[in-house]
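Chemist: Below is the sequence, then the predicted model.
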Amino acid sequence: MIEESVLPEKMKIQKATRVIAVTSGKGGVGKTNIVGAFSLYFARQGKKVMILDADLGLSNIDVLFGISPKYNIENVLAGERRLSEVVVNGPQNVRILPASSGSQWLTHLNEEQKIKLLGELDDFDEDIDILLVDTGAGIASNVLFFCEASQEIIVVVTPEPTSITDAYALVKVMSQNYGERKFRVLVNMASGSSDALETFRRLSLVADRFLNVSLDYLGYFSNDPLVPKAVRSQNSFLERYPGAQVSKDVMAVGRALQNESVPEVKGGMQFFFRRIFGGISA
Ligand SMILES: Nc1ncnc2c1ncn2[C@@H]1O[C@H](COP(=O)(O)OP(=O)(O)O)[C@@H](O)[C@H]1O
Ligand SMILES: [Mg+2]
């Protein structure tokens, strides 16, 4: 056993980063707000959190946090900026890696760009405990790649029937095409615990019956008009309205998420990006 302190800087054991993708079948179900809330929850627990805004259509975590990043990952790929210059601070020192709105960056990289980005990640010397990936919605390949590369997948669903059907479609494709077996389900905009459980039951009933997957119920966030109200003031509801029911829900679900044992497979940020590149045919 070698003492870590005698190792050269580069060889020091990197803290394992927990990579969690937050995804959904249907858009507008609350992913970005959920990622924002979880990031603040974990940051308050003393964790170093980074958000990868991978919603290529609308990159909006920055809008939610009321920040306007000057650069994005494209500047790194173009060799104009270092990764450390592109990552910006949100509230509670949450680190944000901004995507470029409307572009398909990570899924359309050539070999040279991939090598460049991996090199930048090697040099990025921040120890990140948790990387939250705000994916887009649906079964487009870029969404699926981000999920596939992550250690953990949280599927967000609302009680709306179309949201449940679309979530089923996502789970189906992820399991059949990518061999993904474990999904956690978070019910958003529920009127209460029974509404949430009924929503989960509907989804898991068809999934259990037709797909060989395990759906775990993570919990629910209440439907709360204070969420859109906070969005309008460019703040996460967790900061703006800490006493709101939905903020209490975040604390409960966050605790559950934090207490879970992290699967040992598919760990780390480097690994995550390598997986994304590996899963993409150029
Ligand atoms: N728990 C909730 N209660 C009420 N409104 C919500 C809740 N979660 C999200 N919303 C609203 O739903 C809309 C979509 O949320 P957003 O996080 O942008 O979804 P997505 O990222 O999945 O597209 C926003 O206007 C937001 O204010
Ligand atoms: Mg979003």
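Modeler: Happy to help now that I have it. Ligands and ions are numbered 1, 2, ... in the order given.

Chemist: Now name the helix or strand holding residue 68.
Modeler: Assessed by DSSP states H and E, residue 68 sits outside every helix and strand.

Chemist: The closest residue to it other than its chain neighbours is in what secondary structure piece?
Modeler: Leaving out its chain neighbours, the residue that sits closest to residue 68 by Cβ to Cβ, 6 or more residues apart in numbering is residue 62, at 6.3 Å. (C-beta placed from N, C-alpha, C; glycine too.) Assigned by DSSP H and E, residue 62 belongs to helix 61-64.

Chemist: Show me how far that helix is from its chain's centre.
Modeler: Put simply, helix 61-64 sits 14 Å off its chain's centre (Cα atoms, centre = their mean, to the nearest Å).

Chemist: Which elements pack onto that helix?
Modeler: Here helix 61-64 touches helix 31-44, strand 49-53, going by 3 or more Cβ pairs under 8 Å, 6 or more residues apart in numbering; DSSP states H and E.

Chemist: The very next helix or strand once past it packs against which elements?
Modeler: Once the chain leaves helix 61-64, the next helix or strand it forms, by DSSP H and E, is helix 73-77. Helix 73-77 is packed against helix 83-86, helix 111-123, with contacts defined by 3+ Cβ pairs under 8 Å, 6+ apart.

Chemist: Quick check: buried residues in the last one?
Modeler: It refers to helix 111-123. Residues 113, 114, 116, 117, 120, 121 are the ones in helix 111-123 that count as buried (16 or more other Cβ atoms under 10 Å).

Chemist: So which residues make contact with it?
Modeler: With contacts defined as Cβ atoms under 8 Å, 6 or more residues apart in numbering, helix 111-123 is touched by 73, 76-77, 79, 82-84, 109, 269-270, 273-274, 277, 282.

Chemist: Which strands border whichever helix or strand comes after it, and is each parallel or antiparallel?
Modeler: Downstream of helix 111-123, the first helix or strand assigned by DSSP H and E is strand 130-137. With DSSP bridges as the test, strand 130-137 is paired with strand 18-24 (parallel), strand 49-53 (parallel).

Chemist: how about the first one against ligand 2, any contact?
Modeler: Translated: strand 18-24. No: no part of strand 18-24 sits near ligand 2 under the criterion Cβ under 5 Å from the ion; the closest distance found is 8.9 Å.
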